[in-house]
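A.B. asks: coordinates for the following, if possible.
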Amino acid sequence: MTSSPPGAPGRRSRSAALILSLALLVGGLGILALVVHFTMPRGGQMATAPSAIGGAFQLTDQTGKPFTEQDLAGKPSLIFFGFTHCPDICPTKLFEMTQALDRMGADAAKVNTVFITVDPARDTQELMAAYMGSFHPTIRGLTGTDEQVQAAMRAYRAYGRRVPLEGGNYTMDHTVFVYLMDKSGRFISTFDVARDPAAVAQELRRYF
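C.D. replies: The predicted structure follows:
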């Protein structure tokens, strides 16, 4: 029995199979990394199941009205944690949501869109009201005491931490993705709002 010479079809097919196997392995590890990334906020606790995300909270919206998880019932919800002094990520996400809600027209009222501060020390009701005036009118900006905000963050496995700056000021490191919840308050997935607004609007209508 003779072995195949270099470059023979048998050897090339085995090499191709090996390359394909390695590619599938690397791809699988990449997908696993993404799942871990989106279910384990930095510094937080890994959510072992979708049911681990979401729960009870008591906050106040930008108009001074109490707002709890019960106000989310009956509609799909987009929930985003951030802060009004955020230089780029937060206003960008809120603008992307505003564009999608604009595309939805009257259907925008069929979605709960909520922005929860991770910086209650600075984000008072008055400041939140002024800040939210730059975005879609259906978006609710929520704040509260430090204890109330921490409870909301724990419920959603969100993360927020002060990062000192020069001069005694600070910024916030925080969870940067948007949560999509169903009409019963169950977590569906993280939701990409950085797409064509028409595509975002179309996908949200699926959950009405």
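
A.B. asks: and Gly167, how many neighbours?
C.D. replies: When neighbours are counted by other Cβ atoms under 10 Å, Gly167 registers 6. (Glycine included, C-beta is placed from N, CA and C.)

A.B. asks: wait, a strand at it?
C.D. replies: No. Counting by DSSP: H, G, I helix; E, B strand; the rest coil, one finds Gly167 to be helix, located in no strand.

A.B. asks: pLDDT at it, what is it?
C.D. replies: As predicted, Gly167 sits at a pLDDT of 92.

A.B. asks: now Tyr131: which helix or strand?
C.D. replies: helix 125-132 (DSSP states H and E).

A.B. asks: and the helix or strand following that helix, what other elements does it pack with?
C.D. replies: Per DSSP H and E, the first helix or strand lying C-terminal to helix 125-132 is strand 139-143. Judged by 3 or more Cβ pairs under 8 Å, 6 or more residues apart in numbering; DSSP states H and E, strand 139-143 is in contact with strand 58-61, helix 89-104, strand 112-117, helix 125-132.

A.B. asks: next, the buried residues of the longest one.
C.D. replies: Put plainly, it is helix 89-104. Buried positions in helix 89-104, judged by neighbour count with 16 or more other Cβ atoms under 10 Å: 90-91, 93-94, 96-101, 103-104.

A.B. asks: can you list the low-confidence ranges for the protein?
C.D. replies: Along the chain, the model assigns pLDDT under 70 to residues 1-50.

A.B. asks: can you give me the helices in it?
C.D. replies: Remark: helices assigned in the chain by DSSP state H are 9-39, 89-104, 125-132, 146-155, 197-205.
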